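Engineer: Need coordinates for the following:
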Amino acid sequence: MVLRSPSWIDRHRPSSSNVVMKPSRCIPISEPKALSRDNWSPYKDRVQFETAELLYGKAKMSIRNINKLLDLWAASLAPHGAPPPFQNSRELYATIDSTSLGAVKWESFNLTYPIGLRPQLASEVPSWMEKKYDVWYRDVHDLARNILSNPDFSSLMDFGPIRVYDANTDRKLGNFMSADWAWSQADIISTYPDSHGSMFVPIILGSDKTTVSIATGHNEYYPLYLSIGNIYNSARRAHGSGLVLAAFLAIPKTERKYDNDLVFRKFRRQLFHTSLSRILRSLKAFMTSPDVVLCGDGHYRKVFYGLGPYIADYPEQALLTCVVQNWCPISRDHTEELVEKFELELGKLWDEYGIIGDIVPFTNDFPRADIYELIAPDILHQLIKGTFKDHLVSWVESYLIATLGKTSAADIMTDIDRRISVVPQFSGLRRFHEGRNFKQWTGDDSKALMKVYLPAIKGHLPSDAVRALRGFLEFCYIIRRETHTPRSLSSMRDALQRFHTYREVFRIPGVRPDGFSLPRQHSCVHYEDRIWAFAAPVSLCSLITESKHITAVKEPWRRSNRFEALGQMLLTNQHMDNLSASRTHFQSRGMFDSESEQEPRQPERGCNGVDSQANEALGRQGATTRRPDAQPQHLAACDARPKTLSSVLLASTAQRGYPKFAEELGQFLKFSELPDLIRRFLFHHLNPDDPESGAALPLARCPPFSKQHIKVYHSTEAQYYASSDSLSGLDGMHHEHICSTPSWRRAGSRHDCVFINRDSRLKGLLGMDVARVMLFFSFRYQFQRVSCTLVHWFLHEGEFPDEDTGMWTVRPRYLRGRRPMLSVVHLDTIFRAAHLIGVSDTKRITDTQSANTALDDFDRYYVNKYIDHHAFEVLHVE
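Structural biologist: The predicted structure is shown next:
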């Protein structure tokens, strides 16, 4: 099934003349001097460019190894009189450095504590007052222009604020420019002279300290990242050039005796704000006057910039908004009035209002900027690491201790850990071999635990505690949607209300006797307003900045010699940017078109579909009709390219060592009924409209099947559109493997479960069946290759999910004599992989149970809707 999503939009009218800006109204670029297809400047040819990209960018080879490899290369070419692509590493580095495409050089400035404010006696001046604090940065104006001019984003960008509507004329809040804040900013800009037909570009910033090494000196760096609000959410998350490194901020340090010194703490805060103001000042002139910029689609546009959302965790949000720790950084409607009223009473501002009144936020230096309106929601630190891991997981253990005592609580926590450790395998699922009892938690650990934690505590805690976890998890998964509507916001509000209602079970001595005044939990109440302001928060949280740490900070640090590493890190980032800019430039000229790339394999008989509710949830901006008063313009910003919703492909190589014919294969696998099951399958394959079920179908009516050769496979690849999942690529497509193998990592067999399409008109699991894959195989029949799977069926329990966990339950189906109910189905009927977790309730997990046997050890199973965001959208019933 292929998804097409023709949405209709209102575009912001940039002036009172009500003229809607179209690409045809943009200033066309003058025809550049034609470059030949073999002009790889500054590289000699394609081989030299790809050699540099491979050795420096991909292999990250050291200078010594580059020289060694080039020497060997030269020696191998010497008999032919040909030189290697580079003579040595020095030539390779010089060639990369000579790239002028999109290069933004690093600059620096330093700040010190004002001399006039230092103590008069030199002996009383602490060392931190005399230090110079270096800030390295790149011109943010040039960085923004580079993103705008990148051809990769020409079809992944909104050139102005838009409003998207679905078939019911409800707003759709997806990409950043579809929300209200950008629209209101454009309203203000439209009053400026020379703003007619202009483009508004919000500057998105994010900063977060990161540690590159603890064992060798606790080396910290403070990177500042930049993006623009015009590019699509998927581009900001998945494209390396959608979020760029803008600066390294200074980290003031002092002797321990000054750590809590009020003067030092004030200086540290003001240094941060002053540095940001200095870094951003090149944009200030173009916030009220237009800048003419060449965009990636080949047209010049008039651009007005503005400070947009700031991505930060809670401590940094407090620093940005000049509030005291444990106060809300958003609810500050009258800050300036309070500061003026209590100008000389800073202590009263601190104690009663949570405001640090003697710090000037950097946004005060720029027009149309209010830092309290610009704080972006932070899913990672507020929800995943904060509320879930630091609060709820800890409260569960504290509750057990408070109600049962330490000995009994330890026994139950041991069983909870065992339940987590025996969760069945699933593609991409992080394993907890010893449960959740480990010290070093990462964001990925917390996200993985969220997927499997709810069934582990069911039966050990009261229903209210389980339902509190369920409400919070559903809130988190709804938040992560790529597109929000009033309906999804209503569901999100309902989930949050249930969480607030049921969390009262933890208001007991030893857990939360004083209530729930916690900044990270309080932040949840602001998410709805932030979504209306900035659209889907999935691409405006520190998940993307922490991911950028790897390529911008940690890998360059590892490539340095550790001595004065920052300078080497800056060079590494500049070299990588040069290589990326060169590849983008060469691709835009079609210079890689001639390369022979393997075409992706297509499914043999088409693709699977999902119900209309999932269509709306999974499709990018999937509106179908236009609002009556909207402009009749197709939403290019919604990327109307067809999206394959689901397809399943067999592995490229068949397995050896299996019998070739059905009867022998059935005996080998101990499925003696396999030949009969294949014949019944072929009957329905050839007669799809016949109403008679497979089990009751007489074999006499089925076609013969005896001497056809069968090929056996151990895995398939499922591909489906799941733009909300972090592992999806730029096009929103997610890939996962479904396994059916007799040996998995030397620990027994692995037979995954799948969803089988049944009736796309029904919601949730009612429209699908759950089955366990026992065998993947294919054969030729009537000159066509037929791909099949042998499955063991599961039976639904009830027409609604479990009230406590929100998950559907199933049980394996058996015939007389405890024989599994098996069928052969076509591979195309598989929608995607399913993840089942055994229902333990009050039963304890034994030492003999493991993840490899979990699908054989239980009588009932939860169908895990929390395994990923795509599964949640398919299985969640509002």
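Engineer: Which strands or helices does the strand or helix carrying residue 135 pack on?
Structural biologist: Following DSSP states H and E, the helix or strand that holds residue 135 is strand 133-138. With contacts taken as 3 or more CB pairs under 8 Å, 6 or more residues apart in numbering; DSSP states H and E, strand 133-138 sits against strand 106-111, strand 244-248, helix 262-284. C-beta: built from backbone N, CA, C; applies to glycine.
Engineer: my read: residue 447 touches residue 385, true?
Structural biologist: No. Residue 447 is not in contact with residue 385 according to CB atoms under 8 Å; the separation is 9.2 Å.
Engineer: Give me the more crowded residue out of the two.
Structural biologist: Per other CB atoms under 10 Å, whichever of residue 447 and residue 385 has more neighbours is residue 385, with 22 against 19.
Engineer: Helix or strand: which one has the closest residue to the more buried one other than its chain neighbours?
Structural biologist: Leaving out its chain neighbours, the residue that sits closest to residue 385 by CB to CB, 6 or more residues apart in numbering is residue 446, at 5.3 Å. Using DSSP H and E, residue 446 falls within helix 443-457.
Engineer: Please point out which parts of that helix sit buried.
Structural biologist: Neighbour-count burial for helix 443-457, counted by 16 or more other CB atoms under 10 Å, picks out 443, 445-457.
Engineer: And stretch 140-147, by the same measure?
Structural biologist: Of the residues in stretch 140-147, 140-141, 143-147 count as buried by neighbour count, 16+ other CB under 10 Å.
Engineer: what sits up against it?
Structural biologist: Applying CB atoms under 8 Å, 6 or more residues apart in numbering, the contact partners of stretch 140-147 are 102, 104, 153, 201, 203, 226-228, 231, 241-242, 244, 246, 279-280, 282-283, 286, 291, 293-294, 305, 581.
Engineer: just to revisit the earlier point, who's in contact with the strand holding residue 135?
Structural biologist: 104-112, 224, 245-250, 252, 271, 275, 278-279, 566, 570.
Engineer: any idea of the mean pLDDT in that strand?
Structural biologist: Strand 133-138 carries an average pLDDT of 96.
Engineer: from the chain's centre, how far out does it sit?
Structural biologist: Distance of strand 133-138 from its chain centroid, counting by CA atoms, centre = their mean, to the nearest Å, is 30 Å.
Engineer: Would you mark the buried spots in stretch 49-57?
Structural biologist: For stretch 49-57, by 16+ other CB under 10 Å, it's 49-53, 55-57.
Engineer: Among the buried residues of helix 443-457, which one lies nearest to residue 467?
Structural biologist: residue 454 (9.9 Å; CB to CB).
Engineer: Spatially, what comes nearest to that closest one if we skip its sequence neighbours?
Structural biologist: residue 805 (5.1 Å).
Engineer: Against residue 127, how distant is the residue located most distally from the centre of the chain?
Structural biologist: Distance from the centre of the chain peaks at residue 121, with 54.2 Å (CA atoms, centre = their mean). Note on residue 121: its distance to residue 127, by CB to CB, to the nearest Å, is 14 Å.
Engineer: and if you look at residue 757?
Structural biologist: 70 Å.
Engineer: do residue 247 as well
Structural biologist: Applying CB to CB, the value for residue 247 to residue 127 is 25 Å.
Engineer: Which one's more surrounded, these two?
Structural biologist: residue 247 (26 against 10).
Engineer: Residues in a beta bridge with the nearest residue to the more buried one once chain neighbours are set aside, which ones?
Structural biologist: Computed as CB to CB, 6+ apart, the closest residue to residue 247 that is not its neighbour in sequence is residue 137, at 3.7 Å. Beta bridges link residue 137 to residue 107, residue 247, judged by DSSP bridges.
Engineer: residue ranges for the helices of the stretch 551-700 of the chain, please.
Structural biologist: 555-559, 565-588, 612-618, 662-669, 674-686 (DSSP state H, counting those that start in this stretch).
Engineer: Ranked by average pLDDT, which of the ones you listed falls at the bottom?
Structural biologist: helix 612-618 - the lowest mean pLDDT of the helices of the stretch 551-700 of the chain, at a mean of 33.
Engineer: Please, where are all the helices along the stretch 201-350 of the chain?
Structural biologist: Under DSSP H, counting those that start in this stretch, the stretch 201-350 of the chain gives helices at 233-238, 262-284, 314-321, 335-341, 346-348.
Engineer: Now do the longest one against strand 133-138, angle only.
Structural biologist: Pointing back at helix 262-284 there. Taking axes from the mean of the first three to the mean of the last three CA atoms, to 10 degrees, one finds helix 262-284 and strand 133-138 inclined to each other by 20 degrees.
Engineer: Helix 262-284: how far from the chain's middle?
Structural biologist: Distance, centroid of helix 262-284 to centroid of chain: 31 Å (CA atoms, centre = their mean).
Engineer: For residue 660, which residues are in contact?
Structural biologist: Here residue 660 is in contact with 709-710 (CB under 8 Å, 6+ apart).
Engineer: now it: how far from residue 779?
Structural biologist: 10 Å.
Engineer: Overlap in contacts, these two.
Structural biologist: Residues touching both residue 660 and residue 779 (CB under 8 Å, 6+ apart): 709-710.
Engineer: re earlier: helix or strand right after the helix holding residue 446?
Structural biologist: The first helix or strand that comes after helix 443-457 along the chain, using DSSP H and E, is helix 463-479.
Engineer: Give the other helices and strands that that next one contacts.
Structural biologist: Going by 3+ CB pairs under 8 Å, 6+ apart, helix 463-479 lies up against helix 443-457, helix 486-502.
Engineer: Turn those helices into JSON lines, columns for mean pLDDT and distance to residue 685.
Structural biologist: Converted to JSON lines, those look like this (pLDDT from 0 to 100; distance: least, CB to CB, whole Å):
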{"stretch": "helix 443-457", "mean pLDDT": "90", "distance to residue 685": "36"}
{"stretch": "helix 486-502", "mean pLDDT": "96", "distance to residue 685": "39"}
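Engineer: Low-confidence ranges, the stretch 601-750 of the chain, go.
Structural biologist: Scanning the stretch 601-750 of the chain for pLDDT under 70 picks out 601-645, 723-732.
Engineer: Show me where it has its strands.
Structural biologist: Listed in chain order, the strands of the stretch 601-750 of the chain (DSSP state E, counting those that start in this stretch) span 631-634, 643-644, 646-650, 710-713, 715-721, 733-741, 750-751.
Engineer: hmm, back to that, so which elements touch the helix holding residue 446?
Structural biologist: helix 406-421, helix 463-479, strand 836-838.
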